[in-house]
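Asks: attaching a predicted model along with its sequence, questions to come.
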Amino acid sequence: MAGSSHGHGHTPAAWTGVIIAFIGFCVAGAFMVMDNPVGFWAGMALTLVGGVVGGAMRLAGLGQKPQRPARVATSES
């Protein structure tokens, strides 16, 4: 499966959700080091917002299109 990505994750919904979640992880990590629990939880909330935004964008049609199953050829005699 290394060479067959079929566009997995290469959509605006995926990129937006991951970028927002990554920023949330960075914010949470920075505030964890600064010993600020309120900032840490704000960063964790931002991480969850990334998932919600990505899911909403997918529902709006900006995600990967559903794959149709491949047709299996049958030989009838």
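Replies: All right, it came through fine. Residues are numbered from 1 along each chain as shown.

Asks: end-to-end on stretch 50-69?
Replies: Start-to-end span of stretch 50-69 (C-alpha to C-alpha, to the nearest Å) is 30 Å.

Asks: distance from that stretch to the middle of the chain?
Replies: Distance of stretch 50-69 from the chain centroid (C-alpha atoms, centre = their mean, to the nearest Å) equals 9 Å.

Asks: got a list of contacts for it?
Replies: 6-14, 16-24 (C-beta atoms under 8 Å, 6 or more residues apart in numbering). Where you see a C-beta, it was placed from the backbone N, CA and C, and this is true even at glycine.

Asks: just the mean pLDDT for it, thanks.
Replies: For stretch 50-69, the mean per-residue pLDDT is 87.

Asks: and what of stretch 29-42?
Replies: The model assigns stretch 29-42 a mean pLDDT of 97.

Asks: report the buried residues of the helix or strand where Ala42 lies.
Replies: Assessed by DSSP states H and E, Ala42 sits inside helix 37-57. Buried residues in helix 37-57, defined by neighbour count with 16 or more other C-beta atoms under 10 Å: 40, 43-44, 46-47, 50, 53-54, 57.

Asks: same deal with stretch 53-71?
Replies: 53-54, 57-58, 63.

Asks: start and end of that stretch, how far apart?
Replies: Rule used - C-alpha to C-alpha; the end-to-end distance of stretch 53-71 is 34 Å.

Asks: with adjacent residues omitted, what lies nearest to the residue nearest the centre of the chain?
Replies: The centre of the chain sits closest to Ala14, judged by C-alpha atoms, centre = their mean, with a distance of 4.2 Å. Among residues not flanking Ala14 along the chain, Gly54 sits closest, at 6.4 Å (C-beta to C-beta, 6 or more residues apart in numbering).

Asks: from Asp35, how far off is that neighbour?
Replies: 30 Å (C-beta to C-beta, to the nearest Å).

Asks: can I get stretch 56-66 in PDB, CA atoms only?
Replies: The C-alpha trace of stretch 56-66 is given here as PDB (Å, rounded to 0.1, in the frame of the first residue of the first chain):
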ATOM      1  CA  ALA A  56     -17.900  20.100   8.700                       C
ATOM      2  CA  MET A  57     -15.900  20.900   5.600                       C
ATOM      3  CA  ARG A  58     -16.100  17.200   4.500                       C
ATOM      4  CA  LEU A  59     -19.900  17.300   4.900                       C
ATOM      5  CA  ALA A  60     -19.900  20.500   2.800                       C
ATOM      6  CA  GLY A  61     -18.400  18.500   0.000                       C
ATOM      7  CA  LEU A  62     -14.700  19.600   0.400                       C
ATOM      8  CA  GLY A  63     -13.500  16.100   1.500                       C
ATOM      9  CA  GLN A  64     -12.600  13.000  -0.400                       C
ATOM     10  CA  LYS A  65     -15.300  11.800  -2.800                       C
ATOM     11  CA  PRO A  66     -16.700   8.300  -2.000                       C
END
